[in-house]
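Q: model the structure of this input:
(chains A and B)
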Amino acid sequence: MTLLTVEGLGIQFGGVKAVNDVGFSLNPGEIVSIIGPNGAGKTTLFNMISGVYTPGAGKVTLAGEDVTGMAPFLLARRGLSRTFQNLQIFQSMSVLENVMSGFHLRERGSVLADLFAWPTARRRARAAEGDARKLLERVGLERAAEREAGSLSYGSLKRLEIARALALDPRLLLLDEPAAGCNAVETEEIDHLIEEIAKAGTAILLVEHDMKMVMRISKHIVVLDHGEKIAEGEPAVVSRDPRVIEAYLGAQAKDKAMGEEAGHAEH
Amino acid sequence: MRISPKMATLLTLSVIMLIAPFFFPSAYYFRIASLVYVNALAVVGVVILTGYAGQISLGHAGFAGIGGYACALAPVYLGLHPAASVVFGALASGVMAWIVGRPILRLKGYYLAVASLGFGILVSMVLTNEIAVTGGPDGMKVADLGLRSWLSERGLSLTNGQFWYTITALLLLAGAWLALNLENSATGRALRALHGSETAAGTVGIDVASAKLTAFIISAVYASVSGSLIALMNRMITPDIAGYMHSIEMVTMAVLGGSASVAGGVFGAAILTLLPQALTSFDQYEQVTLGLIMMLVMIFLRQGLLPGLASLLKGRGA
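A: Numbering: from 1, shown residues only, chains lettered A, B, ... in the order given. The predicted model follows:
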């Protein structure tokens, strides 16, 4: 059964169509990547699917339920979890507590039980802590568990965010540039981690600039340019698509030209 | 055996409470210390709201007013025992916090500050102007709690000062224990998480609006009980208890001491209650000196006195 269906999704910011009429679908355990030049609307699309933005048009269906524009915390309760391109870490909490917060839905009980530290509350907290440590091991951060999250390197924070998202045991995981700012070794680790997660049955929607990684692990690729879907299909097909090549090379050529222009302006 | 930070805070607090009376030069100091504990209790509530959840309220004295006047009015109009009136006031404050909190907690930062300030002023206006019920600006008498005479009938006779010292110390300990339990629970982590990033808190399934409301209600109950204690201790009450100066005092105590932790909040309450007493020898310069100290602490120890001093000491030790 299809896990996620996106149909005709669109949004405008001040009259500009940031994303227009985008649709695709995703099955359990599948890795689908969204690629496109900078400003193509990838993160905006993510934000609409995950409830951060309310779509102006279209429909998002998660496991048969219409979840269009639903608040993120309600989507989390339906098994959708995500990471952020610009990192959303609880800076003043410890690394361990960041991951434990990911177990919120499983750990939460009555406020009174928490206030009076009833045995049930303590048991829930201990279980969350144990599982959080396991997740930290899985992303290789177990030795940083007690450190303040704000003191971690960028690459470590990326992995911390993935661990926190995994704590929800999601059916659908949205990863926004998980390998950005990571070195080759870290990228490969994240790459393996993503494949493992998918093998365990979690569907993954990925935005990533590392094309080698995208081409290797994705089953299906959706290409965006100027907010519109210009192509989709298997990696091998998409990479040969002339519109995709044009979008990428065109952007590169334009970047180059602008770089030269800027160079001239300085002289 | 390692002592958890929670136990360390509670033990330190208990030891200070037990030892302090031996150093009191006169019976008057029992009263000063009781005031420290009563203020600290309200500040622990502010730590939950501001330190944990990152929300500001400049109207919490309104809840202290509700708690205080509950002890003055409920025995007269409802025939409640003064002790039951404390609970009644706490419930009333909780319900009021729920009603007021739902709309205003959607606001952020200084918008929330101004809206909550408005609530505090509203309560204080009602208490000042409903002269027929509240006695107006002159305030009201408050019934005797009766517990002290009950105890002395059973052979435990305490002076008024000692009695209130014990009551306020025990309630502060209880309040600190609850707040420290909360800090490392699912609810507390949710509050601290939304303080860090509301967006991320939402994606892990935290209902941000309801979590903020929970913090607001809990902290309102702290302020309410603190107000009740002031009323019962003084045997009288005036609308000043709900005045905005009192609200600002609470927030200042929390921020100055270090709002991120219960220990910091209690420390801030102690400093700002004791300092004016100590500075009376400065005569007309008292207020100026107090203001200057507050500014300097905020400039040089931004996290607050307690964490600031702790990191200074640590830096020297290393």
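
Q: what does the stretch 101-250 of chain B have sitting close to chain A?
A: Proximity of the stretch 101-250 of chain B to chain A (C-beta under 8 Å from any C-beta of the partner chain) is limited to residues B:178, B:181-182, B:184-190, B:192-193, B:195-197, B:199-208, B:214, B:218. For every residue, glycine as well, the C-beta is placed using N, CA and C.

Q: narrow the residues you listed to those in helices?
A: The helices, defined by DSSP state H, take in B:178, B:181-182, B:186-190, B:192-193, B:195-196, B:199-203, B:208, B:214, B:218 from these.

Q: contacts for stretch B:145-153, please.
A: Under the criterion C-beta atoms under 8 Å, 6 or more residues apart in numbering or on different chains, residues B:81, B:82, B:83, B:157, B:158, B:160, B:163, B:167, B:232 lie in contact with stretch B:145-153.

Q: again, 10 Å this time
A: Stretch B:145-153 is contacted by residues B:71, B:81-83, B:85-86, B:156-160, B:162-164, B:166-167, B:228-229, B:231-233, B:235 when judged by C-beta atoms under 10 Å, 6 or more residues apart in numbering or on different chains.

Q: residue A:189 is in contact with residue A:156, isn't it?
A: No. Applying C-beta atoms under 10 Å, one finds residue A:189 not in contact with residue A:156, separated by 11.4 Å.

Q: I'd like the distance between the residue in the stretch 1-150 of chain B that chain A sits nearest to and residue B:177.
A: Nearest residue of the stretch 1-150 of chain B to chain A: residue B:6, at 9.1 Å (C-beta to the nearest C-beta). Separation of residue B:6 from residue B:177 (C-beta to C-beta, to the nearest Å) stands at 8 Å.

Q: overlap of the contact sets of those two?
A: With C-beta under 10 Å, 6+ apart, residue B:6 and residue B:177 have common neighbours A:117, B:262.

Q: show me what contacts residue A:216?
A: Going by C-beta under 10 Å, 6+ apart, residue A:216 touches A:31, A:191, A:195, A:210, A:235.

Q: so which of those comes closest to chain B?
A: Distances from chain B to the contacts of residue A:216, taken by C-beta to the nearest C-beta, are shortest for residue A:31, at 19.8 Å.

Q: partners of that closest one in the sheet?
A: residue A:204 (DSSP bridges).

Q: I'd assumed residue A:207 was in contact with it.
A: No. Counting by C-beta under 10 Å, residue A:31 sits too far from residue A:207 to count as a contact (11.9 Å).

Q: now do the shared contacts for these two.
A: Residues touching both residue A:31 and residue A:207 by C-beta under 10 Å, 6+ apart: A:175, A:214.

Q: give me the element residue A:19 is part of.
A: strand A:16-26 (DSSP states H and E).

Q: quick one: strands adjacent to that strand?
A: Assessed with DSSP bridges, strand A:16-26 is paired to strand A:4-13 (antiparallel).

Q: what are the buried residues along the strand it pairs with?
A: Neighbour-count burial for strand A:4-13 flags A:4, A:5, A:6, A:9, A:10, A:11 (criterion: 16 or more other C-beta atoms under 10 Å in any protein chain shown).

Q: possible to save the residues you listed as JSON lines with pLDDT?
A: Formatted as JSON lines, the buried residues of strand A:4-13 follow (pLDDT from 0 to 100):
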{"residue": "A:4", "pLDDT": "96"}
{"residue": "A:5", "pLDDT": "95"}
{"residue": "A:6", "pLDDT": "95"}
{"residue": "A:9", "pLDDT": "95"}
{"residue": "A:10", "pLDDT": "94"}
{"residue": "A:11", "pLDDT": "95"}
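
Q: closest to residue A:87 among those residues?
A: Relative to residue A:87, the closest of the buried residues of strand A:4-13 is residue A:11; by C-beta to C-beta it sits at 22.9 Å.

Q: for the closest one, which residues count as its bridge partners?
A: Here residue A:11, judged by DSSP bridges, has bridge partners residue A:19.

Q: ok, it touching residue A:227?
A: Yes. The pair residue A:11 / residue A:227 is scored as a contact, 8.6 Å apart, by C-beta under 10 Å.
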